[in-house]
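Trainee: Requesting a structural model of the entry that follows:
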Amino acid sequence: MKTRILHIHDIPTTKCRVDVRLKELNYWVASIPAEALPTLQQRRFDILVLDVPACRLKQWLHEVNSRFSLPLLWWCEERKPATAAPHDKVDGVLCCGMNDNELQWSLLLGVKNHQRRLHLEREYQFLATKFQEKKLVDDAKIMLSKINNISETTAYEMMRTQAMNERKKLVDIAQAVLSTNSLLVKASSSKPKKYDYTQ
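Mentor: Prediction:
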């Protein structure tokens, strides 16, 4: 089965027909103007090739990345693409001066870069979640130790024992401790103050 490429163009490169070059390499290619992205019905593609000038690359990168999670390569006509455009979500760069082998290898590397980028993004999300959970547990541990006048180690053991007894995650217990305490603080601060006018 042929690799399916969506060629998205704004002002197409004038040096060569990108869609024709890709078809000559035996890819299945659909070519659409960038403005037609919102009306695109077909979504089964393997690779996206963005054929836009560097000055509008950032705008279309945002648009394309909000709609697809696919390898994204920029077809670049500029001589200095590295200084002209952001590459945070671009998996590869193609240009008219490449021969067929270079184009094939660049597309393959773009797919590999995309897989690596997705892996790093998932890993970052996982680590960010773990960090947030650890912060919640630490905050709850400190709060418990202050309220009950016990050590942080004892407070942590109390939460851990409760989590095991209730078959819950430690972070859920920590969240409950923090929300309960915040409710108590709000309740105590919302009571009307009594003033002594007898003095």
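
Trainee: Name the secondary structure element that contains the residue sitting nearest the centre point of the chain.
Mentor: Against the mean C-alpha coordinate of the chain, by CA atoms, centre = their mean, the closest residue is residue 121 at 5.9 Å. Assigned by DSSP states H and E, residue 121 falls within helix 100-148.

Trainee: Which residues does the following helix or strand past that helix contact?
Mentor: Proceeding N to C from helix 100-148, the next assigned helix or strand is helix 152-166, under DSSP H and E. For helix 152-166, contacts defined as CB atoms under 8 Å, 6 or more residues apart in numbering pick out 137, 140-142, 144-145, 148, 150, 168-170, 172-174, 177. In this view, the C-beta of every residue, glycine as well, is placed from N, C-alpha and C.

Trainee: circling back: read off the pLDDT value for the residue nearest to the centre of the chain.
Mentor: Residue 121 is assigned 89 on the pLDDT scale.

Trainee: what do you get for the one 5 residues further on?
Mentor: Among the per-residue scores, residue 126 holds a pLDDT of 94.

Trainee: Let me know how buried residue 177 is, in neighbour terms.
Mentor: By other CB atoms under 10 Å, the residues close to residue 177 number 22.

Trainee: give me phi/psi at the closest residue to residue 137 other than its chain neighbours?
Mentor: Sequence neighbours aside, residue 174 is the residue nearest to residue 137 in space, at 4.5 Å (criterion: CB to CB, 6 or more residues apart in numbering). Residue 174 adopts backbone torsions of phi -60, psi -40, taken as degrees, to the nearest 10.
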